[in-house]
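Participant: Return atomic coordinates for the entry below.
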Amino acid sequence: MTEAVVALRDVTKRFAGHVAVRGLSLTVPRGVLYGLLGPNGAGKTTTIRMINDIVRPDTGAITLFGALSPGRAAQRRIGYLPEERGLYPRMTVRRVLSFLAELRGLDRADVAPKIARWLDRLELAKWADAKVETLSKGMQQKVQFIATVLHEPDLLILDEPFSGLDPLNADVLRDIVREQKYAGKTILFSTHLMEHAEQLCDALCIMARAERVLEGSLADVKSRARDSRNAYHVEIARRNGEPPAALAERAGVAVIRAPGNSGAYDVELLPGQSASELLRRLVDSGEEIVHFARSVPTLHQIFVDHVRRHEEAAAAGGSGNA
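Facilitator: Predicted structure coming up:
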């Protein structure tokens, strides 16, 4: 059985009268890219801070690396990139990285070549002797990332790691995060941007209103969502932008989304309606069908569906957990 690098069991954290995390359980296996997803205020950052022993849970248990509790012993094996900056603005880039590495127990002389390699990799070499306060937000984010990985931790915890990065630098960081995974590291990262999560995640947990609403591997989550929806992707020979009559009639069709002007349609059928009947109507109408298959929802669609359902259940006084 794969060791759980992070395991939370029924963890709750309150601040005054506010419940930040309620009854949260999740498992992060070794060697995976695990996404902690949710809208702002869902409890993601509080969860990460509890794992890092910055705050303590009120109830429940957190286990790291199979046997450790959050604290000093576990911290040596963790690299943490916080959402807020943790750099010294008046230090130079090279000096602040060296200083932070020394705090992790690394020798200054030994770490200097590593710093040089990372600065070169992230295109910061010419800024090595500039003060941190002179750098852009995105450049500071890259410096903070270097500080996170210098001591070669087993677990990387990245809280909104793409914040402040332009698309090119976000691509560079995504590639490096994947490389860390292929090198055997475990990565737990939080985001509210589903396109990043869909590109990176092996597994995920979606949170809303302090609670878990969905957890599982990305493949399983998407498969379950596909099977629960009566939705199909239809492509017909290129048209003038008007939907074919068999769809325009909307008999039994709840939603039609036509991306662009390509003859491709995402069709959602009403409950009780069959795909075979829709296909028959298209064939009988003489349409040239290029593709017809059950559609797989994007992670964005899954996220919106589950968070909205949870919000509606909470507003109605019920439970939205899945």
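Participant: alpha carbons only for contacts and neighbour counts from here, please
Facilitator: Fine.
Participant: Look up how far T148 lies from V111.
Facilitator: Applying Cα to Cα, to the nearest Å, one obtains 13 Å for the distance of V111 from T148.
Participant: Of these two, which one has the most company?
Facilitator: Taking other Cα atoms under 10 Å, V111 and T148 do not tie; T148 has more neighbours (22 against 16).
Participant: Please tell me how far the more buried one sits from I78.
Facilitator: Noted for T148: a distance of 8 Å to I78, by Cα to Cα.
Participant: And for S190?
Facilitator: Remark: distance between S190 and I78 (Cα to Cα) = 15 Å.
Participant: Give the residue from the two that has the larger number of neighbours.
Facilitator: Per other Cα under 10 Å, whichever of S190 and I78 has more neighbours is S190, with 25 against 22.
Participant: helix, strand or coil for R224?
Facilitator: Secondary structure, DSSP: H, G, I helix; E, B strand; the rest coil: R224 is helix.
Participant: How much space separates it from A112?
Facilitator: For R224, the distance to A112 equals 48 Å [Cα to Cα].
Participant: Repeat that for S136.
Facilitator: For S136 relative to A112 (Cα to Cα), the value is 23 Å.
Participant: cool, and R308?
Facilitator: R308 sits 49 Å away from A112, going by Cα to Cα.
Participant: Repeat that for V6.
Facilitator: The value you get for V6 to A112, if Cα to Cα is used, is 31 Å.
Participant: And the contacts of stretch 211-228?
Facilitator: 21-26, 42-43, 198, 201-207, 294-299, 302, 306-307, 310, 320-322 (Cα atoms under 8 Å, 6 or more residues apart in numbering).
Participant: typo on my end, it should be stretch 147-166
Facilitator: Residues from elsewhere that reach stretch 147-166 (Cα under 8 Å, 6+ apart): 5, 45, 48, 76-83, 97, 100-101, 104, 106, 111, 114-115, 137-139, 141, 170, 173, 184-192.
Participant: what's the spacing between it and its chain's center?
Facilitator: With Cα atoms, centre = their mean, to the nearest Å as the basis, stretch 147-166 stands 13 Å off its chain's centre.
Participant: next one: stretch 78-92
Facilitator: A distance of 21 Å separates the centroid of the chain from that of stretch 78-92, by Cα atoms, centre = their mean.
Participant: Also stretch 57-70?
Facilitator: For stretch 57-70 - counting by Cα atoms, centre = their mean - the centre lies 22 Å from the chain centre.
Participant: Number the residues from 211 up from this point.
Facilitator: Understood, numbering begins at 211; the last thing we discussed is stretch 267-280.
Participant: end-to-end on that stretch?
Facilitator: Terminal-residue distance, stretch 267-280 (Cα to Cα): 11 Å.
Participant: Can you list the buried residues in it?
Facilitator: 267, 270-275, 279-280 (16 or more other Cα atoms under 10 Å).
Participant: One more: stretch 301-316?
Facilitator: 301-311, 314, 316.
Participant: do the same with stretch 409-419
Facilitator: Quick answer for stretch 409-419 (16+ other Cα under 10 Å): 410-419.
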